[in-house]
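# Need a 3D model of the following:
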Amino acid sequence: MFESLGDKLGKVFSGLRGKGGLSEDDVNNAMREIRVALLEADVALPVVKDFVETVKSKAVGQDVIQSVTPGQQVVKIVNDALVEMLGGQTQDLQFGPAPAAYLMVGLQGSGKTTTTAKIAKFLTEKQRKKILMASLDVYRPAAQEQLAQLGAQTGIATLPIVAGEKPLDIAKRAMDMGRREGFDVVILDTAGRVTVDEEMMAEAAAIQAAMKPVETLLVADAMTGQDAVNTAKAFNERVGVTGIVLTRVDGDARGGAALSMKAVTGKPVKLIGTGEKWTALEPFHPDRIASRILGMGDVVSLVEKAIETIDQDDALRMANKFQKGEFDFNDLLSQMNQMKKMGGVGSLVKMLPGLGAMAGQMDKLNVDDNALKKQEAIILSMTKEERAKPVIINASRKSRIAAGSGTTVQDVNKLYKQLQDMQTVMKRMKKMGMGKMMGMMQGLMGEKDKEILAQNGADFLGPNPFLKKK
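Okay, here's the model as predicted:
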């Protein structure tokens with residue numbers, strides 16, 4: 001979502017980094033380009049003005065102009081201002097005495113019902129909460145049946161449908177069921193409209209007053225840009241939202257909605273929908289988003305994703321082979337499968353410091369769709385013995401493998417060379433030792449990132465954090 005903005009800011013900073021010192025004119029020119037970049041990203045004008053003034057007031061100081069690395073100082077100032085504009089600290093979902101009510105509000109078509117199911121799945125898997133979902137939408141045809149179907153698909157309980165029941169009565173019955181059957185959270189999915197209107201607002205306000213939810217979450221479509229911000233402002237003024245969930249951030253939205261939400265409404269973005277899968281819902285981390293925008297990567301999210309997706313037994317087996325300096329085609333195939341689970345090459349590259357620009361190039365080249373599939377086909381065309389003992393693959397075997405995978409001998413040779421390079425890396429890692437590598441990683445991260453990683457079981461002075469048993 002932020003690729004275009006990130007590219008434009010990257011060009012601004014590239015010009016500043018090349019200077020030995022900065023004059024006030026240099027800063028003013030940079031601020032002008034930043035202002036244009038933010039406006040083109042659909043950030044609200046008042047937010048842009050405040051942001052630029054904040055950055056400029058700090059960037060024209062003597063500490064920056066006379067700094068040894070003035071360009072880096074400006075990047076840090078912009079990063080800090082971005083984090084603040086995005087909401088400062090991560091805002092977690094709140095829980096009260098069981099059953100806690102979550103009220104879902106938003107316009108029709110924003111993905112509210114699907115997001116309700118995603119949040120229920122998220123709370124079930126991440127927080128170990130028992131969730132009940134209830135649809136209060138008695139207007140849209142089959143809206144209640146849709147939520148029931150989503151509940152069946154995700155394994156989340158839904159309130160039985162009673163024909164002709166009013167929304168407020170449905171909410172009361174849901175809370176009664178929540179109390180009787182020991183649910184931790186009851187998520188109430190309200191009806192939406194095509195546009196903001198009095199009837200929708202009055203109904204949502206009445207339900208909120210009666211249910212007293214601990215969270216009133218506005219679901220907004222990031223693709224609608226400033227319309228999403230205006231919708232959030234209207235809902236907050238009338239209903240009083242506690243947080244915002246942005247959907248479709250994986251699309252080609254310019255990012256202005258996410259950057260403007262907190263500043264315009266005063267309410268934080270708490271969650272973002274990053275895809276169609278049930279697991280494609282993430283907490284909104286302002287500091288990590290800012291790092292991605294500025295091309296500094298997001299190593300913490302990368303490690304968290306690795307911890308969630310990497311199979312522990314496979315990781316232990318791989319670690320033992322690494323210690324021996326071994327690496328075969330079975331290991332390479334396992335690495336490819338893990339990469340696909342983590343979102344593919346493009347997704348991972350975006351999280352690595354300094355490589356954000358390469359992600360777009362990889363997307364254009366269809367690296368995930370073409371190169372990895374071709375390599376996987378080559379490995380699957382090998383015999384079990386060939387995968388385990390690559391050294392036995394001679395010219396005739398390469399010809400057979402190429403024919404079986406629909407590729408050329410040159411493709412097989414390239415993959416074989418890639419494996420040899422990996423084997424060389426493994427041998428170097430064996431000599432270096434895991435402790436030293438973890439120490440190097442520690443040196444690349446800030447104190448906050450280390451603390452977050454430590455909470456996920458990462459020990460920089462000990463073994464690989466990915467290999468720990470839960």
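# just the strands in this protein please.
100-105, 131-135, 157-158, 185-189, 215-221, 243-247, 269-273, 281-283 (DSSP state E).
# Neighbouring strands - and their directions - for the last one?
Listed by DSSP bridges, the sheet partners of strand 281-283 and their directions read strand 269-273 (antiparallel).
# Check the second one too.
According to DSSP bridges, strand 131-135 forms sheet pairs with strand 157-158 (parallel), strand 185-189 (parallel).
# Show me the one of the ones you listed that comes nearest V138.
Smallest distance to V138 across the strands paired with strand 131-135 (C-beta to C-beta): 11.4 Å, for strand 185-189. Where you see a C-beta, it was placed from the backbone N, CA and C, and this is true even at glycine.
# what pLDDT, on average, does the closest one get?
What strand 185-189 shows for mean pLDDT is 93.
# orientation of that strand relative to strand 100-105 in degrees?
Put simply, strand 185-189 runs at 20 degrees to strand 100-105, going by axes from the mean of the first three to the mean of the last three C-alpha atoms, to 10 degrees.
# The residue nearest to Q91 when sequence neighbours are not counted - how many residues pack around it?
Nearest residue to Q91, sequence neighbours excluded (C-beta to C-beta, 6 or more residues apart in numbering): P268, at 4.0 Å. Neighbours of P268 under the rule other C-beta atoms under 10 Å: 20.
# For P268, which residues are in contact?
Residues in contact with P268 (C-beta atoms under 8 Å, 6 or more residues apart in numbering) are 87, 91, 243-244, 261-262, 284.
# separation between A263 and V105?
Counting by C-beta to C-beta, to the nearest Å, the gap between A263 and V105 amounts to 21 Å.
# what's the answer for K267, then?
Relative to V105, K267 is positioned 12 Å away (C-beta to C-beta).
# Show me whatever sits in contact with both of these two.
What both K267 and V105 touch, as defined by C-beta under 8 Å, 6+ apart, is the set 218, 241.
# the more surrounded of the two?
V105 (29 against 22).
# Verify the stated contact: that one with G240.
No. Using C-beta atoms under 8 Å, V105 is not in contact with G240; the gap is 10.2 Å.
# Identify the contacts common to the two.
T216.
# For T124, give me its contacts.
130-131, 155-156.
# quick check, nearest of these to E198?
Set against E198, the nearest of the contacts of T124 by C-beta to C-beta is I131 (31.3 Å).
# how close does the closest one sit to L147?
From I131 to L147 the distance is 12 Å (C-beta to C-beta).
# now Q108, nearest residue through space, not along the chain?
Nearest to Q108 is G192, by C-beta to C-beta, 6+ apart, at 3.7 Å.
# looking at it, that neighbour is touching G106, isn't it?
Yes. In this structure, G192 is within contact of G106 by C-beta under 8 Å, at 5.6 Å.
# Between the two, which has more neighbouring residues?
G106 (30 against 23).
# got a list of what that one touches?
Contacts of G106 by C-beta under 8 Å, 6+ apart are 112, 192, 218-220, 231, 235.
# per-residue confidence at it?
pLDDT at G106 comes out at 85.
# A210 - how many residues pack around it?
Burial of A210 is recorded as 13 neighbouring residues (other C-beta under 10 Å).
# For it, give its distance to R179.
The value you get for A210 to R179, if C-beta to C-beta is used, is 15 Å.
# care to break the protein down by domain?
3-85, 100-293, 299-467 (automatic domain parsing).
# okay, which residue is most central for the protein?
E282 (5.3 Å; C-alpha atoms, centre = their mean).
# Quick check: it touching G275?
No. Using C-beta under 8 Å, E282 is not in contact with G275; the gap is 9.9 Å.
# and the longest helix for this protein?
Longest helix in the chain, counting residues (DSSP state H): helix 409-432.
# got the CA positions of it in CSV?
Provided in CSV are the C-alpha atoms of helix 409-432 (Å, rounded to 0.1, in the frame of the first residue of the first chain):
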residue,chain,number,x,y,z
VAL,A,409,19.5,-28.5,-18.6
GLN,A,410,20.6,-24.9,-18.1
ASP,A,411,17.8,-24.4,-15.6
VAL,A,412,18.9,-27.6,-13.7
ASN,A,413,22.5,-26.4,-13.7
LYS,A,414,21.4,-23.0,-12.3
LEU,A,415,19.6,-24.7,-9.5
TYR,A,416,22.5,-27.0,-8.8
LYS,A,417,24.8,-24.0,-8.6
GLN,A,418,22.4,-22.4,-6.2
LEU,A,419,22.5,-25.4,-4.0
GLN,A,420,26.3,-25.4,-4.0
ASP,A,421,26.3,-21.7,-3.0
MET,A,422,24.0,-22.6,-0.1
GLN,A,423,26.3,-25.4,0.9
THR,A,424,29.2,-22.9,1.0
VAL,A,425,27.1,-20.6,3.2
MET,A,426,26.2,-23.4,5.6
LYS,A,427,29.9,-24.3,6.0
ARG,A,428,30.7,-20.6,6.8
MET,A,429,27.8,-20.6,9.3
LYS,A,430,29.2,-23.7,10.9
LYS,A,431,32.6,-22.0,11.3
MET,A,432,31.1,-18.8,12.6
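# taking the mean pLDDT, what do you get for that helix?
Here the average pLDDT along helix 409-432 is 78.
# what packs against it?
Counting contacts by 3 or more C-beta pairs under 8 Å, 6 or more residues apart in numbering; DSSP states H and E, helix 409-432 is packed against helix 312-323, helix 329-341, helix 372-380, helix 395-405.
# Go through these and find the least confident stretch.
Among the helices and strands packed on helix 409-432, helix 312-323 scores lowest, at a mean of 60.
# Identify the bridge partners of the residue lying closest to A148 once chain neighbours are set aside.
Spatially, and ignoring its direct neighbours in sequence, A148 is nearest to T158 (5.0 Å; C-beta to C-beta, 6+ apart). Counting by DSSP bridges, T158 forms beta bridges with M133.
# State the number of residues packed around T158.
T158: 25 neighbours (other C-beta under 10 Å).
# do the same with the one 10 residues further on
Here the number of neighbours of L168 (other C-beta under 10 Å) works out to 15.
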